[in-house]
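> pasting a predicted model and its sequence here:
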Amino acid sequence: MLWVAAIGLGWWSGMHASAIEGSELLRIEACHNDCGDAAYDSAAMKSYAERFGARPVVRFDDVLRDKSIDALLVTTPHSRHVPQIVAAARAGKHVLVEKPLSITVESGRSAIEEARKAGVVLAVGLNRRFTSPLKAVKSLVDQGALGTILHAEGQFSYPGAMEFKKGYWRADPAEAPAGAMTATLIHMIDAFHFLLGPIERVVGARSKHRAAPLPIEDTTSMLVELASGATGYIGGSIAAADVTMLNLYGAKASVYAGIDEEQVAFQKSGAPAREPFPIEPPVNSLRLQAEAFARACTGGPAFPLPPEEALRAIAVMEAVIRSARTSSAVDVKPI
């Protein structure tokens, strides 16, 4: 059993905790929150403790000193990820950190190096890799069923920004640059990497405010080129209805997937219409991700997403931000 402390107790931390409940591989033993408001933090820890049976720990340093805690589940604002990863690694704690790993390639690289030196597992939460639709698409790609893949499209939107309040960290461009980038589009960037290999160039990008009540960028799009030679489009909004669409167009066939919608369709070149493609039953991707992390921490197989791959998504994110600001094509930094 891997004993875990939850660091950061917002909505998404609760989703992780609910997914983990009843697992025989890991358990959330403690919880900690520090948003700078002592009353809020106390209430958040009390509520989390009552819901999930976790022991509140007021000071982060006390979490690090607690020898009964093996690992941290970090779901804090993005700028805190690297300092918390570094501190945890130096204390000998494994870390499962919510995406994105970091805001910059440089800081993310330092976190990976600290974890490597300490001999601890650093896993990044990009849970869509564990979904049944994405596994089905991956199998088609690996079998060569699509032939030469010519183009890919990814779209991931959700309407969260329509409810953002002034002062909320996700409405801060320093924490969440380029609109939908850190909330949704990084999942699609990772899916491109998982299925097709690295994105090497952002041909053009745009990020702008359209509908959110706060004056923040809420809609983002990008054109990309992959090292394989394929082209791609990725777009999304944090002000539009939920959708997770991923389409791959090949010389032999194309595949159309709704990742969260649990739907995949397949169409051979020359066929009159696409047909439903069989996939495995729906899964709890957060639970599968957490249990893969637990196995990696306790001598089992390595976590299936190396942190360097998660860092590659940050390199693309940096290129998108620069492209959107300069209206120019930007090469993705090598990792």
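Thanks, I have the structure now.
> mind showing which ranges of the chain have poor pLDDT?
Within the chain, the set of residues satisfying pLDDT under 70 is empty.
> outline the domain layout of it.
2-127+288-303, 129-282+313-331 (automatic domain parsing).
> make JSON lines from those domains and add mean neighbour count to it.
(Glycine included, C-beta is placed from N, CA and C.) Output for those, formatted as JSON lines (neighbours: other CB atoms under 10 Å):
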{"stretch": "domain 2-127+288-303", "mean neighbour count": "19"}
{"stretch": "domain 129-282+313-331", "mean neighbour count": "18"}
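> what's downstream of the helix or strand containing Cys31, the next helix or strand?
Under the criterion of DSSP states H and E, Cys31 resides in strand 26-32. As assigned by DSSP H and E, the chain's next helix or strand after strand 26-32 is helix 38-52.
> am I right that Cys15 sits in a helix?
Quick fix: residue 15 reads Met, not Cys. Yes. Under DSSP: H, G, I helix; E, B strand; the rest coil, Met15 sits within a helix.
> list the contacts for the nearest residue to it once chain neighbours are set aside?
Spatial nearest neighbour of Met15, chain neighbours left out: Leu286 (6.3 Å); criterion: CB to CB, 6 or more residues apart in numbering. Contacts for Leu286 (CB atoms under 8 Å, 6 or more residues apart in numbering) come out as Met15, His16, Ala19, Ile20, Gly125, Asn127.
> next, Leu286: secondary structure please.
Classified using three-state DSSP, Leu286 is helix.
> from Arg322, how far off is it?
32 Å (CB to CB, to the nearest Å).
> give me the element the residue nearest to Gly300 when sequence neighbours are not counted is part of.
Counting by CB to CB, 6+ apart, Gly300 lies nearest to Ala294, which is 8.0 Å off, once chain neighbours are set aside. If you go by DSSP H and E, Ala294 is part of helix 285-297.
> list the contacts of Asp242.
Ser157, Tyr158, Pro159, Asp260.
> try 6 Å this time
With contact set as CB atoms under 6 Å, 6 or more residues apart in numbering, Asp242 has these partners: Tyr158.
> doesn't Val330 make contact with Arg322?
Yes. Counting by CB atoms under 6 Å, Arg322 does reach Val330; the two are 4.8 Å apart.
> the helices in this protein, which residues?
11-20, 38-52, 60-65, 81-90, 105-118, 132-143, 186-196, 285-297, 307-326 (DSSP state H).
> the ones you listed into TSV, with extra columns for distance to Thr231?
Listed next are these as TSV, based on distance: least, CB to CB, whole Å:
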stretch	distance to Thr231
helix 11-20	32
helix 38-52	45
helix 60-65	44
helix 81-90	31
helix 105-118	23
helix 132-143	16
helix 186-196	11
helix 285-297	28
helix 307-326	14
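> re earlier: mind listing what the strand holding Cys31 pairs with, with the direction of each?
Sheet pairing of strand 26-32 (DSSP bridges) gives strand 2-7 (parallel), strand 55-56 (parallel).
> mind listing residues that contact the shortest one?
By CB under 6 Å, 6+ apart, the residues outside strand 55-56 that reach it are Ala30, Cys31, Met45, Ala49.
> against His187, how distant is Ala315?
Taken as CB to CB, the span from Ala315 to His187 is 16 Å.
> closest one to Thr75 among the strands paired with strand 26-32?
The closest of those to Thr75 is strand 2-7. By CB to CB, the value is 7.2 Å.
> also compute the angle for the closest one relative to helix 285-297, please.
Relative orientation of strand 2-7 versus helix 285-297 (axes from the mean of the first three to the mean of the last three CA atoms, to 10 degrees): 120 degrees.
> okay, strand 2-7 in CSV with CA atoms only?
Taking C-alpha atoms only, strand 2-7 is exported to CSV below (Å, rounded to 0.1, in the frame of the first residue of the first chain):
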residue,chain,number,x,y,z
LEU,A,2,1.3,3.4,-1.0
TRP,A,3,0.4,6.1,1.6
VAL,A,4,-0.3,9.5,-0.1
ALA,A,5,-0.7,13.1,1.0
ALA,A,6,-3.0,15.2,-1.1
ILE,A,7,-1.5,18.7,-1.6
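> sweet, I'm off.
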